[in-house]
Structure formats: structure tokens, C-alpha cells
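Undergrad: Return atomic coordinates for the entry below.
(chains A and B)
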Amino acid sequence: MTESPLIEIEGLRVVFHGDDGRTTHAVDGVDLSVANGATLGLVGESGCGKSVTSLAVMGLLPRRSAEVSGSIRFDGFDLLDIPDDTLRDLRGNRLAMIFQEPMTSLNPSFTIGDQIVETILRHRGGSRRQARERAIELLRRVHIPSPEKRIDEYPHKLSGGMRQRVMIAMALACDPRLLIADEPTTALDVTLQAQILDLMRELKAASGAAIILITHDLGVVAEVCDEVAVMYAGEIVERAPVDELFANPQHPYTVGLLGSIPRLGRRASHLATIEGMVPNMTNPPAGCRFAARCPFVVEACIAAPPPLAIVSAGHASRCIRAPLERLVS
Amino acid sequence: MTALLEVDGLVKHFVAARSVFGRPTAYVKAVDGVSFTVEAGKTLALVGESGCGKSTVSRLVLRLIEPDAGSVRFEGRDLGTLSANELRAFRRHAQIIFQDPYASLNPRMTVSQILSEPLALHDLVPAPRRRERVEQLLRLVGLEPRFARRYPHEFSGGQRQRIAIARALAVEPKLIICDEPVSALDVSIRSQILNLLRDLQNRLGLAYIFVSHDLAVVKHIADRVAVMNLGGIVETADAAALFAAPRHPYSRALLSAIPVPKPQARRGRIVLEGEMPSALNPPSGCRFHTRCPYVIERCRTEIPPLLADGAGHAAACHRTAELPSPGAIVPADGGFSPVLEKLVAAFSGGTEGARRGGVDISVTRPSAV
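TA: Modelled structure (predicted):
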């Protein structure tokens, strides 16, 4: 890559120390980078560590129980090694996040206008009037009808789709360089989801911000992402440009995921299933973490943890049996 | 062929506000004249967005709530006329599986108790033989019989949903209502449950009413689909016909909005503007007119009837004849390349019967017990 990436995560590890003295390795050596203006999809099932990764980037993990190590370089800073004040200046400003649950991520006792204005005043200063005008402008940008009136409404008066728009408006308030969207459409109906995805595409084109989109929905990934990283049990198991990942997946877990979603164009009497369960992250297996569920497992998979190795330009897989096509020909 | 279940003109309005004297002043018109039939051994999918009334319909069908008007006939008998005892007997034939497997199982009962309760209630299996039947049921849904003594909290979401399915199957029903049975599950678990539901249907000849908002799942499992909007059915057809050529603008919008797992899939997406109107005060005329891209004056005043063609494909729209051809509305997400097809096949090998549940729970238990 010629241009240096906007954010570069290296060797990120998050270990949770439970009250019962047990430790959980939620994220275990994740390397990621996102270029300016690119959209990276972070895909995986519940508990794979995708949300914890994003919370680590935002510095939102509880200090007491979460031990974070590695480095997250963003805009000349190492986010894991800066004073809280500096992090607070970045958060909501150059770094912004949208959460899954639009019902709980707005404060019910303030109007949406107050909440957007607060962000603007905190990071940009200026007068309250100017901030309010900017807030109206932002609401208009996310296609909220009659924003001059809506700005004085409380969150409970808005529907789920509207609240998610307000969240997006708030995230965009200070023109972030990086937007992390954690399952932004999962709680929404399919027609609203289409509206929000369109909106995100439109805003990305207009602002040139980079986006990390966290989702379990491969359909959403195919629609908006440039690159995809698939996570399994705290590790990235495959990383590739979006076309390549869907056409030519090189990790068995990705293959299983692709086969297990019902597809409109393919009437299969049976969907693929991934047998077994995610390994217990208190005591992860020594070798490949997917080995117990993998139909292509061999002795060597269990012996040692496989490295994330390049299969072709820009495409990496954590599977010693890749390229997979030779297994079925 | 007479249908297993015939639903005719079902209406349910909930009181939303009362005056100081307790007189109702506002109603949510959750279900407003819904009719459909379900044939034995087939699957009808009820599809629509949140608040369209699909879950209310499923509860009305079981008479868990009383309809304001309309009738439900099961094997020709009108459920509305049944006495409490007769109603209980009917429930043996029709069961329900709920969305949230964490909330639908009693945490203080063991799996064995959960599964024997319906057997005892309907007096189906004499007490000494119940244990055997419970083990049989667990095997049927792909769980190991030794799980019978465990409590729900010891299971994952997918396993709990299997237990809920086993409970529904315990009374050997003819109809199971599946209310968003896979929405709360992860993708790979979802496919296991969908496969299981389909296997059981083939083996036991069950009919399903499958309530869902996920159209890809519906296409996979349904024989017939009814699309609901604001308390009414706007289109109903055989699944193949509906997905090939949706007629109602709302069905088209829904289908076009599905994100498909194929990058750069080209299609004409219809993005609906605005929000779903409130069922508290539904629009006059066609209830979809506020969001419809093809709206004309007539739509605002006149309610379009649900008219069927010879093939049983019905749509409630004044303009069905004039609408542009559906073209590429349903996105072609294509199949897999031959190589990928073979790789995927490796994930479906030898998953029949008990082997599927051959998951060792000692590894998967969320916490030490």
C-alpha cells in the first residue's frame, strides 16, 4: 500500500479478568488496518471478539476487568498509550461510533438536539446558536424530515429507524476520520436497513471517512464493504477484498458461513451447518481454534496454531490447508 | 382437499387509550380482516415488518387471545365455539415455538420436566413410560438423551431452541406456529434449526405457520407466503411465484431491500421513503399509499380488495395490472462456483439424526456448574 493506513491495529489482545478469578481471552492477537475512505467489514458470530475489538479502539473497555495490550495507531497517536484527556478529545471528534441498539444509546431525558449540540460544543466550541444550526443541518443530512421541529423532540418520540439516524448524525457531528458502526442495522426492519445502508454509503462518498462495519450479516457486508476480516474465537481467520472473499473463500469457517445462509438464488434442500460450538475462551485450544468443527481437519491442525498466511495478493487465511480448492479437486 | 386450518376475516383491535370513564377512545388495529388457509404438511410464511400484526395473527390462530371478529377453523371445527376443555384438547394439535429461547423455557424446570409436562397434561403417555418418551424426543431434535436432567441455563441458544421444538413436538401436533424461531440465533446455528424444522416436517407431516421478517429464510422454508402490512395481507402466493414475480409494491420493496451475499449484485432497489404509519391511525384507502411509489388518487380513498388470479396468486393493489414488470427486483445472488459448491458440501455431510446433536456439552457449557 502506498498510502499509510488511517488506523493500524497490531497484536491487539484483550483479556478479561472475571470476579471468579478466571480469565477470558476475548481478542487474541488481532492485526488490522483501514485506509482512508475505505470500509472494512468485521464479520463473525456472537462472542468472536468483534465488538470487543471495536470497544478497545474507542477506549471504552472497563479498566478494572479488561487488560488490553498491543498497539492501535491512529492519526499519529497510539490509542492504547495516550492520556485520557487526549482520548476524550479524539472520541466523538475524529473517532466516532454507532451502536446497535438505537433504543438505549440515546439519553431519554434530553432532546436529540441537546445531545447533538453537546458533542459539537465539546469538540468545536462556538456559540450554542451556531451549534444548533449545525445540528439541524446534520439531521437534514441523514434525511430526517422537518429537522427544525424534530430537533426539540425527545428520543422516545422517534421510531427505531429515526433514532439510528440521530445516532449517525451525532457520530458525524465533527466530521470523523473513522466511524465504527457496530451492527448498525441489526435491530431494524429490512426496509429501514436498506435506508440506513444507503445513507452510510452516501455519507462515506461525501465525507471520505473510513468505516469499520461490525456485523454478522454477510449480505450487509457484500453491500457496503471494500474489505472483509472474518473473526473466529478472538482471532482473524481470513482477510480479503470483498469480491475475493465471497468468490474464493480460503478459510473453512468462511466457507461454512457462506453455505449456511439461505440464498435467494439457490434452492438447497439442506443448508450447510457448522457442527459443534465455539471453543471456550477461558482455555482456548492449542492448535487451530476451528479444528474441532472443521471437515478438513488433519493432524497438523491440532498440533500448532496456524499463522495468518498470504494465499494471494491481499488475501490472507489462517488455515494450513489453504488453498482449499486442492482439497476437493 | 380441505385445508387443515382456515382463517377467515380475523380482526383484533387493542384498546390504546381510554377516557376517564374507562371508555376506549383509541384502538390499535393490529389485525384487520386477515384470511388464509394452511394445508396439512405445508408451510405458510407470514412476512412483514415490525408491527404489521403477524405475531398477533399467530396468537389468534391458537386462541391465546380472542379475536374481535372472524373465525378460525381447524380441521373444519370453529375454534371460537370450543369450550375450555375442548380448547385444551385442540392445543394438542397446534403448538407454538417462540422467538426467544432464553425466555420461553422455565428456568426452574429440568429439560425432562419441561418435556413431560405436556405429556402429563394431555395424558398421552402413562407416567412410567414418560422418561423413555422424553429421551426419544430429545433424540428427535438432535440432542443427547442424557441432557434430560439439565436445566435450560446449561444450554446455548440453539440448543434451547431445540428443546422448545421438542416441547412442541411432545404432543404430536399437526400444526406448529414458528414465531421468528431463528431470529435470535447466530447464522451457523440458524441453518441447523432450519434444517431440523424441515426434516421434522418431512418425517412427521407437520404443517407450519412460519412468522418471519427474514425473506431469505422464508424463501428457503415456505411453500406459500402471505405478506402483511399494517394488519392486512397485501399479497399471497406460492413461494416460488411470489419470489419470481412479486405483484404488490410493498412486496417488491421488501424483496428489493434484502441485502444479498454477493458483492456488486445489480438490481433495481426500491427504497421506501418514510416510516411505517402507526396502526393507531392507519391511512385511509390502501394502507400502503403513504409509502408507495406508484400511488394514485384512487389509492388514497378506496381500499383495494385482495384479488386472486387462477393460480392462487393474490394481490391487494388497484394498479397491479399497470405496474412495471418486476424485472430484477429479487436480486440474483447467483450460486456458488463449482469449487465452492464442493467445499460447502463438506459442511453438510453426515449430519442426519443423532449425530447432529452429538455435541459434547461439557465443552460448551457457558459456565461451570
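
Undergrad: which stretches of the stretch 51-200 of chain A form helices?
TA: Per DSSP state H, counting those that start in this stretch, the stretch 51-200 of chain A carries helices over the ranges A:84-90, A:112-124, A:128-141, A:147-150, A:160-172, A:190-207.

Undergrad: The shortest one packs against which elements?
TA: Same thing as helix A:147-150. helix A:128-141 (3 or more CB pairs under 8 Å, 6 or more residues apart in numbering or on different chains; DSSP states H and E). (Glycine included, C-beta is placed from N, CA and C.)

Undergrad: Same question for the helix it packs on: list its buried residues.
TA: Neighbour counts over helix A:128-141 (16 or more other CB atoms under 10 Å in any protein chain shown) mark A:131, A:132, A:134, A:135, A:136, A:138, A:139, A:141 as buried.

Undergrad: and what of stretch B:191-208?
TA: In stretch B:191-208, counting by 16+ other CB under 10 Å, buried: B:191-201, B:206-208.

Undergrad: In CSV: the residues you listed, plus secondary structure.
TA: As requested, the buried residues of stretch B:191-208 are arranged in CSV below (DSSP: H, G, I helix; E, B strand; the rest coil):
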residue, secondary structure
B:191, helix
B:192, helix
B:193, helix
B:194, helix
B:195, helix
B:196, helix
B:197, helix
B:198, helix
B:199, helix
B:200, helix
B:201, helix
B:206, coil
B:207, strand
B:208, strand
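
Undergrad: My guess is residue A:271 contacts residue A:257. True?
TA: No - using CB atoms under 8 Å, residue A:271 makes no contact with residue A:257, being 11.0 Å away.

Undergrad: Who has more neighbours out of the two?
TA: Using other CB atoms under 10 Å in any protein chain shown, the more surrounded residue of residue A:271 and residue A:257 is residue A:257, with 28 against 25.

Undergrad: now the more buried one: how far from chain B?
TA: Residue A:257 sits 6 Å away from chain B, going by CB to the nearest CB, to the nearest Å.

Undergrad: gap between the closest residue to that residue other than its chain neighbours and residue A:216?
TA: Excluding its sequence neighbours, the residue lying closest to residue A:257 (CB to CB, 6 or more residues apart in numbering or on different chains) is residue B:187, at 6.0 Å. Separation of residue B:187 from residue A:216 (CB to CB, to the nearest Å): 6 Å.

Undergrad: Need the overlap of contacts for the two.
TA: Shared contacts of residue B:187 and residue A:216 (CB atoms under 8 Å, 6 or more residues apart in numbering or on different chains): residue A:45.

Undergrad: what's the angle between the helix or strand bottoming out on mean pLDDT in chain A and helix A:160-172?
TA: The helix or strand of chain A with the poorest confidence is helix A:190-207; it has a mean of 84 (mean pLDDT, DSSP states H and E). If you take axes from the mean of the first three to the mean of the last three CA atoms, to 10 degrees, helix A:190-207 sits at 20 degrees to helix A:160-172.

Undergrad: After helix A:190-207, heading C-terminal, what element do we hit next?
TA: strand A:210-215 (DSSP states H and E).

Undergrad: That'll do, ta.
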